[in-house]
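A.B. asks: Quick one, structure for this:
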Amino acid sequence: MVTSIRLPKASDLFPLTQLYNHYILNTVITFDIEPYTVDQRRERWWRHYGTDGRHRMWVAEKDQQVVGYATSSKLRDKAAYDTSVETSIYLSPDAQGLGIGTQLYAKLLDSLADEDVHRAYAAITLPNPESIALHHKFGFHSVGRYGEVGRKFGQYWDVEWLEKSL
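C.D. replies: Numbers count the residues shown, from 1 in each chain. Predicted structure coming up:
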């Protein structure tokens, strides 16, 4: 298995959009309801993760196929939150359990070390023991739970918030 962790490029837009749409359509990992088009993702991602942007995106590639990505993004719109970020990670189902998530998160957190970031947060829809374990592995700890905060697939879901000092 050869996995590279690299910055995103334009040709990643289609596979990254497909990957995220898989989670929209089939899971409660994200609370997005409607799939995105490549054009919708292009506008957001390139504006948000461009080379002069403050937030980071890393892409995992295995055997020349995009198999996952990890990001940091704005936690909230108010300026006082600017030194806090929300982190996210998405892996294709066949890339799970291979250590790729660990590689991606290590790269993401290392890249934030040079930024003016004080805290990283993760919001995890429950149940999701794999994601909780990955975050604990990197020193995140629970800071609370929002009960039945999101409704998807006709059911309400809890979200656990985890925090890490950077």
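A.B. asks: buried ones in the least confident helix or strand in the chain by mean pLDDT?
C.D. replies: When each helix and strand of the chain is scored by mean pLDDT, DSSP states H and E, helix 38-49 comes last, with a mean of 79. Neighbour-count burial for helix 38-49, counted by 16 or more other Cβ atoms under 10 Å, picks out 41-42, 45, 48-49. The C-beta positions use only the backbone N, C-alpha and C, and glycine is treated the same way.
A.B. asks: so after that helix, what's the next helix or strand?
C.D. replies: Sequence-wise, the next helix or strand beyond helix 38-49 is strand 57-62, with elements assigned using DSSP states H and E.
A.B. asks: Contacts for that following strand, please.
C.D. replies: Strand 57-62 has contacts (Cβ atoms under 8 Å, 6 or more residues apart in numbering) with 1-9, 12, 16, 45, 48-49, 66-72, 91, 95, 98, 100, 103-104, 107-108, 111.
A.B. asks: This protein: strands as residue ranges?
C.D. replies: Counting by DSSP state E, the chain has strands at residues 3-6, 57-62, 65-74, 84-91, 119-125, 141-152, 155-165.
A.B. asks: how close does S92 sit to T102?
C.D. replies: 15 Å (Cβ to Cβ, to the nearest Å).
A.B. asks: ah, wrong one, I meant R42
C.D. replies: Distance, R42 to T102, using Cβ to Cβ: 29 Å.
A.B. asks: One more: H135?
C.D. replies: Distance from H135 to T102, by Cβ to Cβ: 11 Å.
A.B. asks: likewise H136?
C.D. replies: 12 Å.
A.B. asks: Isn't T87 up against R119?
C.D. replies: No. Using Cβ atoms under 8 Å, T87 is not in contact with R119, being 10.4 Å away.
A.B. asks: Please say which of the two ends up with more neighbours.
C.D. replies: T87 (24 against 15; other Cβ atoms under 10 Å).
A.B. asks: Which pLDDT value belongs to the more buried one?
C.D. replies: Looking at T87, its pLDDT reads 96.
A.B. asks: now do the one 5 residues further on
C.D. replies: pLDDT recorded at S92 is 95.
A.B. asks: what number of residues lie near it?
C.D. replies: 18.
A.B. asks: contacting residues for the spatially closest residue to it that is not a sequence neighbour?
C.D. replies: Nearest residue to S92, sequence neighbours excluded (Cβ to Cβ, 6 or more residues apart in numbering): V67, at 4.8 Å. Taking Cβ under 8 Å, 6+ apart as the criterion, V67 is in contact with 3, 60-61, 91-92, 94-95, 100.
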